[in-house]
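Visitor: Sequence plus the predicted model coming up.
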Amino acid sequence: MSEATTASVQVQKSPASARWVTSIRTPVLVWLVIALAVAIWISLSDMPAEILTYREDIIYLGGQHVELVAWSGGLAILTGVPIGALLSRPAFQRVSEALLQGFNVGATIPTLAILALSMTLLGIGTVPAVFGLWAATLLPIVRNTYAGLRAVPQHLIEAACGMGMTPAQMFWRVELPNALFVIFGGVRTALAICVGSAPLVFLIGAGGLGELIFTGIALDELPMMLAGAIPTALLAVVTDFTVGRLQYYLVPRGINPLR
Amino acid sequence: MIRLEHLTKVFNTPNGPVRAVDDVSLELPEGEICVLLGPSGCGKTTSMKMINRLIEPTSGKIYINGRDTDATDPIQLRRSIGYVIQQIGLFPNKTVADNICVVPDLLGWDRKKTRARAAELLELVGMDPAAFMGRYPKELSGGQQQRVGVIRALAADPPVMLMDEPFGAIDPINREVIQDEFLRMQQALRKTIIFVSHDLDEAVKMADKIAIFRSGRLEQFASPDRLLANPANSFVESFLGSDRALKRLRLVRVAEAMLTEFDALRGDDPHARGKVVLEESGLPFAIVVDENGRPTGCLAGNAEAGVDAKVGDLARPVRATISTDADLRLAVASMFAQDMPVLPCVDDGGRLKGILTYRSVVKSLASAEARE
């Protein structure tokens, strides 16, 4: 109660402009420092030029990488949210905790091992790669969807029911919107894992920026390795930023602690 | 009108069946507020939730305006009954306007019409629609949330409302204000209301009828005045408390208790007449009024004066008056606080209509008892 009060007071006291400044200040400083470091590095070494000789590879493999992430991440969202929602239903109450424990155990399996297992089942190429990444990405989405829906206060559900909402209306109009912030948190974590794990799928013949990284390591070719590593890092940052913005704008203001 | 007939609810718990509600029958006329009152776990909330079928009765029947609720689809039934819960239950993802319009939206009303209705209801509780329609619940104070919770239940204009300790989560000062506001609204709206409470003072203030519950059984169902005057058994008596006579003060209006046959003095009356009036009435004070009949002072019996002194010169100023519309609780409080054993009772224009003394208060409580 007191938390809620302080929060509302803060919201009322800080005008939009002030909030904008506080939310932007830290990243801006970090970015300025990074930009400065990069500028010094470019002017002092011939490494950038060497990296840029791989430009065509970066574009082709980068496209492949994004495609892999989009498929596996997209499928993980499309399956993970419904699974989490299903597990949160009263009918599944008995089995849901056990199933989530199963998912948790699954999450301790290293991504590399999942990819190896998926290769034994499905062979090499894009399909086993997408399947492996999907399996590694799924858990945070299922877990957050489940937790977010279960955390919707009981009295909201009682109010909704008492006012004559059908179970479906209660889910779509009350439960899901109120769990949305937590679900987005899960998607954000999951996509970060997905982008970070994606270079590994080169090992089962699915290409992606991992090809430059692993070949660069094998040949002891630093520029080649960086040509894979830097775009992978940028992709991770951009993905996280994009999902963060989506979370900011898509979750209604009334339940969005960021706004 | 709401009628409960032999309503029973048995819950099966690991420790065997529990009769949460045991053969409860009552009938509430249209437009009245019935407060279900009792200690926690007495079955009052369970009884209320059976009315909109959030809990299905084990046996017994419920009729709303003559219609058996069992024969109505529960979803349709709930949409036709206003529902307010203790935690208010405003949806944090929806704006104030969308919260108020939940039931009208479920009923598929025209959007323009529902938002106009929301604005009208906000105005009814003194909240500026322009400022509040677009806000989210977290941007409201506790009292504002409570008001929105109540008008949300009124949005589709249901004839019947269920309120589960609707003012329980709010500080005492704001609670009084919202209760008064709600009673004012109820005077115009005349809803039939089942109101769950564990607060006797709230019940006495709000109720047309009070139903006292103990472990699932209805102990007494009566008007507040009758309940306080004639508790049906020792449980009800102890639940009402040994100060129940004081609680009844709230139920009697000053106009019903005041003495109307008395002599008022004028400022230019001679002191001798004052003395006569005081002696005849046997009261410690006599009230002095001006030419418009407004009380200006009071003359004490021990005032020392010469033969040709005027009453106006000797009278002391009146420290307190009471409106004839006020309840006796306020009147007695002001008699104690201002040490006014004779309290002038005035109408809206401030004109003296009667006087209140300790004896008249006691007599009016006794006569209320005799009325039963």
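Guide: Sure thing, it's come through. Numbers count the residues shown, from 1 in each chain, chains lettered A, B, ... in the order given.

Visitor: Mind splitting the chain into its structural domains?
Guide: Looking at chain A here, since you left the chain open. Listed domain ranges for chain A are A:1-44, A:53-255 (source: automatic domain parsing).

Visitor: Correction: the question concerned chain B.
Guide: Residue ranges for the domains of chain B, per automatic domain parsing: B:2-250, B:254-371.

Visitor: The longest one: how far from the chain's middle?
Guide: The gap between the average C-alpha position of domain B:2-250 and the chain average comes to 14 Å, counting by C-alpha atoms, centre = their mean, to the nearest Å.

Visitor: how about residue A:222, what does it touch?
Guide: The contact partners of residue A:222, taken as C-beta atoms under 8 Å, 6 or more residues apart in numbering or on different chains, are A:47, A:216. In this view, the C-beta of every residue, glycine as well, is placed from N, C-alpha and C.

Visitor: which other helices and strands contact the helix or strand encompassing residue B:180?
Guide: For residue B:180, the element it lies in under DSSP states H and E is helix B:172-189. In terms of contacts (3 or more C-beta pairs under 8 Å, 6 or more residues apart in numbering or on different chains; DSSP states H and E), helix B:172-189 is packed against helix B:142-154, helix B:200-206.

Visitor: State the mean pLDDT of that helix.
Guide: Across helix B:172-189, pLDDT averages out at 90.

Visitor: For the stretch 1-150 of chain B, which residues are neighbours of chain A?
Guide: B:52, B:54, B:75-80, B:83, B:85-95, B:102-103, B:106, B:136-140 (C-beta under 8 Å from any C-beta of the partner chain).

Visitor: Just the ones of the residues you listed in strands?
Guide: Counted as lying in strands by DSSP state E, out of the residues of the stretch 1-150 of chain B next to chain A, are residue B:83.

Visitor: List buried members of the residues of the stretch 1-150 of chain B next to chain A by neighbour count.
Guide: B:52, B:54, B:75, B:77-80, B:83, B:85-95, B:102-103, B:106, B:136-140 (16 or more other C-beta atoms under 10 Å in any protein chain shown).

Visitor: quick one: the helices in chain A?
Guide: Here chain A has its helices, by DSSP state H, at A:2-13, A:16-44, A:47-52, A:55-88, A:93-108, A:111-122, A:126-150, A:154-162, A:167-169, A:176-197, A:210-218, A:222-250.

Visitor: can you give me how far the longest one is from the chain middle?
Guide: Centre-to-centre, helix A:55-88 and its host chain are 9 Å apart (C-alpha atoms, centre = their mean).

Visitor: Same check on the fifth one?
Guide: The chain centroid and the centroid of helix A:93-108 are separated by 20 Å under C-alpha atoms, centre = their mean.

Visitor: tell me the average confidence for that helix?
Guide: The pLDDT scores in helix A:93-108 average 85.

Visitor: same question, the first one
Guide: The average of the pLDDT scores along helix A:2-13 is 40.

Visitor: what's the answer for the third one, then?
Guide: Taken as a whole, helix A:47-52 has a mean pLDDT of 80.

Visitor: Buried residues, it. List them.
Guide: For helix A:47-52, the neighbour count (16+ other C-beta under 10 Å) marks residue A:51 as buried.

Visitor: for the stretch 1-150 of chain B, what spans make up the helices?
Guide: Remark: helices assigned in the stretch 1-150 of chain B by DSSP state H, counting those that start in this stretch are B:44-51, B:74-79, B:96-100, B:102-106, B:111-124, B:129-132, B:142-154.

Visitor: Out of those helices, the one nearest residue B:181 is which?
Guide: Residue B:181 lies closest to helix B:142-154 among the helices of the stretch 1-150 of chain B, at 7.6 Å (C-beta to C-beta).

Visitor: tilt between the very next helix or strand once past the closest one and helix B:172-189?
Guide: Past helix B:142-154, further along toward the C-terminus, the next helix or strand under DSSP H and E is strand B:160-164. On the basis of axes from the mean of the first three to the mean of the last three C-alpha atoms, to 10 degrees, strand B:160-164 is oriented at 170 degrees to helix B:172-189.

Visitor: Using PDB, write out every CA atom in strand B:160-164.
Guide: Extracted as PDB, the C-alpha positions of strand B:160-164 are listed here (Å, rounded to 0.1, in the frame of the first residue of the first chain):
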ATOM      1  CA  VAL B 160     -29.800  -4.500  -6.900                       C
ATOM      2  CA  MET B 161     -26.300  -4.000  -5.500                       C
ATOM      3  CA  LEU B 162     -24.000  -6.200  -3.400                       C
ATOM      4  CA  MET B 163     -21.400  -4.500  -1.300                       C
ATOM      5  CA  ASP B 164     -18.800  -6.400   0.600                       C
END
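
Visitor: Can you list the strands that that strand pairs with?
Guide: Here strand B:160-164 has these sheet partners by DSSP bridges: strand B:81-84 (parallel), strand B:192-197 (parallel).

Visitor: Also compute the angle for the longest one relative to helix B:142-154, please.
Guide: Meaning strand B:192-197. Strand B:192-197 and helix B:142-154 are oriented at 140 degrees to each other (the same axes, to 10 degrees).

Visitor: if we look at strand B:192-197, which residues are touching it?
Guide: B:1-2, B:28-37, B:44-45, B:48, B:51, B:159-166, B:168, B:186, B:203, B:206-207.

Visitor: let's go with 7 Å and repeat that
Guide: Residues lying outside strand B:192-197 but in contact with it, judged by C-beta atoms under 7 Å, 6 or more residues apart in numbering or on different chains, are B:1-2, B:28, B:30-37, B:44-45, B:48, B:51, B:159-165, B:203, B:206.

Visitor: Tally up the residues packed near residue A:193, please.
Guide: By the measure other C-beta atoms under 10 Å in any protein chain shown, the count of residues near residue A:193 is 21.

Visitor: quick one: it and residue A:137 touch, right?
Guide: Yes - Residue A:193 is within contact range of residue A:137, at 5.9 Å (criterion: C-beta atoms under 7 Å).

Visitor: returning to that earlier point: a markdown table for the helices of chain A, including distance to residue B:67?
Guide: Formatted as a markdown table, the helices of chain A follow (distance: least, C-beta to C-beta, whole Å):
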| stretch | distance to residue B:67 |
| --- | --- |
| helix A:2-13 | 41 |
| helix A:16-44 | 52 |
| helix A:47-52 | 79 |
| helix A:55-88 | 36 |
| helix A:93-108 | 35 |
| helix A:111-122 | 60 |
| helix A:126-150 | 36 |
| helix A:154-162 | 19 |
| helix A:167-169 | 24 |
| helix A:176-197 | 34 |
| helix A:210-218 | 70 |
| helix A:222-250 | 44 |
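
Visitor: Could you identify which of these is most buried?
Guide: Of all the helices of chain A, helix A:126-150 has the most neighbours on average by mean count of other C-beta atoms under 10 Å in any protein chain shown, namely a mean of 23.

Visitor: Just want the angle from that one to helix A:111-122.
Guide: On the basis of the same axes, to 10 degrees, helix A:126-150 is oriented at 120 degrees to helix A:111-122.

Visitor: one step back: out of the strands paired with strand B:160-164, flag the one nearest residue B:266.
Guide: So among the strands paired with strand B:160-164, strand B:192-197 is nearest, using C-beta to C-beta, at 49.5 Å.

Visitor: and residue B:168, what does it touch?
Guide: If you count contacts by C-beta under 7 Å, 6+ apart, residue B:168 has them with residue B:86.

Visitor: tell me the phi and psi of it?
Guide: Dihedral angles of residue B:168 (phi, psi; degrees, to the nearest 10) stand at phi -70, psi -30.
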